[in-house]
Structures are given as structure tokens and as C-alpha cells.
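Asks: okay, here's the prediction I keep looking at, along with the sequence it came from:
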Amino acid sequence: APPAPPRPGDDAWVIFTSGSTGRPKGVAVTHRAAAAFVDAEAGLFLRGAPLGPGDRVLAGLSVAFDASCEEMWLAWRHGACLVPAPRALVRTGADLGPWFAERGITAVSTVPTLAALWPPDALDGVRLLILGGEACPAELAGQLAVPGREVWNTYGPTEATVVSCAARLTDGREPVRIGLPLAGWDLAVVDRRGEPVAPGESGELVIGGAGLARYLDPARDTTAYAPLPATGWPRAYRSGDLVRADPEGLVFLGRADDQIKIGGRRIELGEIDAVLRSLPAVTAAASAVRTTPAGTRVLVGYVVPASLAASVVSAAPG
């Protein structure tokens, strides 16, 4: 029989995220949540001159990254053209400016790591730039937020449908905020007891509202999407991210665990350590995030070869 049309509560997609055990966690997002996200962003960006058929939106992110949904829907929600870019071109950025100009790209959604690699004039024709997936340095925000271009810094986990909050960037002043909730999303900053903190204080960000997804594993879903009694929410997602509760817009502070973000990808350091230790002739390993002199965050692995460990043991007294 032909398939029935999708219903709002049906799953639109499943994305598998990283985990400290090395076993990916499947997250399912419904059509209802996806549609809420599309409409919320449509009412947020470029209010004075919305995207339309004359705009051309870059498709430069992997479809295994849920931010690619933002690229696609930015185009299709407004009848604009979606323009796929070669992955190598986006990652290096050397010839990106002429490529953008030739194809008339006017809207881009990307991660700060990639935007920092691109020549300053590559975005000359872009009137909407959306950053997300990782923390945006203030210096980069100042370089990108120029007259004639609307720049937004967004935040959101896969478990709450791509983006939960956003802040418009107008300069490079500290702090770079992740902003206020999208229409239909609810945000709370709570202490260790699950009680909301006072304005100006810090705590864990908890997300509720229209964008909540679910884990395919029922046991994990029950733990991750628990009620939040202090707010009355019957279901809420504990993000594990630490933020400052600022009425002007939330400020991202870091993680409550060892999870990190590099290039928009969530990575558990414990998972990387386990893979390094499993390599032949490696007896010990550890990973860490380091910052280059240019300000780029990189993931570095440290290993102790078996040959070195053996020589240390043999040289030890006794």
C-alpha cells in the first residue's frame, strides 16, 4: 500500500550523537518540532527584508549534521535557491569568495571554525549569516558583523531540534551571547537542586517547549527528558551546558562534563581516549582541547607507545 502522508507526531529524522561509551545515541525529531523550528526562524531573521525567490542559500554542511536542515529550510521556506558547495571548498576557503560571487550567495549558515578560515571578502554579498554549533569568539563576531549584513549567533542541541535560542551580533564586544529562546521554546537556568537561579547567576541550561525530541532508547529518554517541577514543565531536556542567566540573553560558559565541541561536532573526550588506547602498541593515552596562536581550537591526542613504556620500566631501579 502507498505510504500515508506524515502526521505532525511522526518522526521526520533520526540523528545519532556521540556518547562517552562509544555507542551512538539515536535522537528522533518529529515533523511538529521541525515545522515549529522553521516557522520560529522565519519570524526571526531579516524581518525588514525577508528571504525570497531572489536569494541564494549556501548548502555547505554535511547532511549528517542537523544544521544542514537549517540551510535547506532557509531556502525552501522562502522560495529561495539552495546552492550546494564542494566540501573541500568550504573547508579551505581559499577560493570561496569568487565562488560565492559567481553564484550570488546571499545567505549562509555555518560554524565559527569554518567562518574563521574564509577570506574577509568572501562574504561581501551575504546579507544573512547564521553562526552556531560551537562558541563564537568575540573577535570573529566583530569581523563578521558589518553594515548591510545581519549576523546571528545561535545555540541548540540535537535533542531540542537544531536551535533553541539566538542573539543578533552587532559588534565584537564581550560577552558574545547565545540569546533568548525561539518562539515556542522554553529555557530555564537551574542549580544542582533543579531550582531556577536568579538573574546574573550561573547554572545548567534546561530546555522545554515545542522543539523537544526523544531518544530511541526508552530508558535513556526517561532519564534525559525528565519533568522540571520548579517550572511545571512535564518534560524537559537537561543540556549539560553551563550558562549565565542574563535577561539580555544567555551567555554560554562551558560544559558540566568532559564533552566538547569542535567544528560544530559534539565529542566526548573519554570516547577519544578509549579509541586511542585501543591502538596497537599504545599503553596509555589522553586527549585535550588546545588553542593555536591564531585562536583556533584543535583536538590533540597524547599517547605513550608500548616501546617507551617498556624502556622506562627496564630503566627503573630493581
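Replies: Great, that's in hand.
Asks: and the residue nearest the centre of this structure?
Replies: Ranked by distance to the mean C-alpha position of the chain (C-alpha atoms, centre = their mean), the top residue is Gly133 at 2.2 Å.
Asks: low-scoring stretches of the stretch 51-200 of the chain, by residue?
Replies: Along the stretch 51-200 of the chain, segments meeting pLDDT under 70 are nowhere present.
Asks: how about the strands in it?
Replies: Per DSSP state E, counting those that start in this stretch, the stretch 51-200 of the chain carries strands over the ranges 56-59, 81-84, 107-110, 128-131, 150-155, 165-169, 180-181, 185-190.
Asks: Ala230 and Ala224: what is the separation?
Replies: As judged by C-beta to C-beta, to the nearest Å, Ala230 and Ala224 stand 18 Å apart. Heads up, the C-betas are built off the backbone N, CA and C, glycines and all.
Asks: higher neighbour count, these two?
Replies: Legend: neighbour count by other C-beta atoms under 10 Å for Ala230 and Ala224, higher for Ala224 (19 against 15).
Asks: quick one: contacts for that one?
Replies: 159, 215, 237-238 (C-beta atoms under 8 Å, 6 or more residues apart in numbering).
Asks: how about the helices in the protein?
Replies: Remark: helices assigned in the chain by DSSP state H are 31-42, 67-76, 87-92, 96-103, 112-115, 138-144, 218-224, 269-277, 306-315.
Asks: switch those over to TSV; also include distance to Ala284.
Replies: Listed next are the helices of the chain as TSV, based on distance: least, C-beta to C-beta, whole Å:
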stretch	distance to Ala284
helix 31-42	43
helix 67-76	35
helix 87-92	32
helix 96-103	41
helix 112-115	29
helix 138-144	36
helix 218-224	30
helix 269-277	7
helix 306-315	7
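Asks: out of those, flag the one nearest Leu182.
Replies: Taking C-beta to C-beta, helix 31-42 is the member of the helices of the chain nearest to Leu182, at 4.0 Å.
Asks: look up how far Ser164 lies from the closest residue to Thr170 other than its chain neighbours.
Replies: Excluding the flanking residues, the one nearest Thr170 by C-beta to C-beta, 6 or more residues apart in numbering is Ala145, at 5.5 Å. The gap separating Ala145 from Ser164 is 21 Å, by C-beta to C-beta.
Asks: more neighbours: which of these two?
Replies: Set Ala145 next to Ser164 and count neighbours by other C-beta under 10 Å: Ser164 wins out with 30 against 18.
Asks: residues near the residue nearest to the more buried one when sequence neighbours are not counted, how many?
Replies: Ranked by C-beta to C-beta, 6+ apart and with sequence neighbours excluded, the top spatial neighbour of Ser164 is Gly156, at 3.9 Å. For Gly156, the neighbour count with other C-beta under 10 Å is 25.
Asks: so what's Gly156 up against?
Replies: By C-beta under 8 Å, 6+ apart, Gly156 lies in contact with 132, 162-165, 207, 211.
Asks: report the two of those residues separated the most.
Replies: It's Gly132 and Ile207 that sit farthest apart of those, by C-beta to C-beta, at 14.8 Å.
Asks: the two: which has the busier surroundings?
Replies: The neighbour count for Gly132 versus Ile207, taken as other C-beta under 10 Å, is higher for Ile207 (27 against 21).
Asks: and that one, how far from Pro157?
Replies: Going from Ile207 to Pro157 by C-beta to C-beta gives 7 Å.
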